[in-house]
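Visitor: output the structure for:
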Amino acid sequence: MKLEKAVFAAGCFWGVEAEFRKIKGVVKTTVGYTGGVAKNPSYEDVCTGKTGHAESVLVEFDSDVVSYDELLDVFWAVHNPCSLNMQGLDIGTQYRSAIFYFNEAQHRKALVSKEKQEIKLKKKVVTEIVPTATFYRAEEYHQDYFAKHN
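Guide: Have a look, this model is predicted:
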């Protein structure tokens, strides 16, 4: 097994996490907050929009089973990457579209993938592609939310 990590933000983390959990080769998902300045933020803090953090999903995957490129495909499919700081009725910077990369290979793949999306959608994609920052695990009641409540 070759374990790697990826972090994606694409609106409310509950639905995003649920989609990544379905993928063969995804070993673990964790919802949390990243990309901001506040240390150890709570859900309530992030909801103010003042922390700079995005609701995000840390995806741990076996790259012998599923590639980073395949995870990028899932990321693009589960949200509207042309919608600035909102997904559906969720509005604010905490719901922005972002790819947080761990290394230069992920960075390059994310950039190429974004370019392909812009061509495919014929629109400007507003997804941020930035280095991974400190990832703060969200409260337990947010973890695997849909499985617990369906």
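
Visitor: helices along this structure, start to end?
Guide: Taking DSSP state H as the test, the helices found in the chain are 13-21, 43-47, 68-77, 104-121, 145-149.

Visitor: what sits against residue 133?
Guide: Residues near residue 133 by C-beta atoms under 8 Å, 6 or more residues apart in numbering: 34-36, 100. Where you see a C-beta, it was placed from the backbone N, CA and C, and this is true even at glycine.

Visitor: poorly predicted segments of this structure, please.
Guide: The chain contains no residues with pLDDT under 70.

Visitor: what comes up buried for stretch 63-83?
Guide: Residues of stretch 63-83 classed as buried: 66, 68, 70-72, 74-76, 78-81, 83 (neighbour count, 16 or more other C-beta atoms under 10 Å).

Visitor: ok, now stretch 41-58?
Guide: By 16+ other C-beta under 10 Å, the buried positions in stretch 41-58 come out as 41, 45-46, 51-58.

Visitor: next: stretch 93-101.
Guide: Per 16+ other C-beta under 10 Å, stretch 93-101 contains these buried residues: 93-101.

Visitor: ok, of those residues, which one's closest to residue 128?
Guide: Residue 128 has its nearest neighbour among those in residue 98, at 4.1 Å by C-beta to C-beta.

Visitor: wait, isn't that closest one in contact with residue 35?
Guide: Yes - assessed by C-beta atoms under 8 Å, residue 98 is found in contact with residue 35 at 6.2 Å.

Visitor: which neighbours do these two have in common?
Guide: With C-beta under 8 Å, 6+ apart as the test, residue 98 and residue 35 both reach 9, 54, 56, 128, 130.
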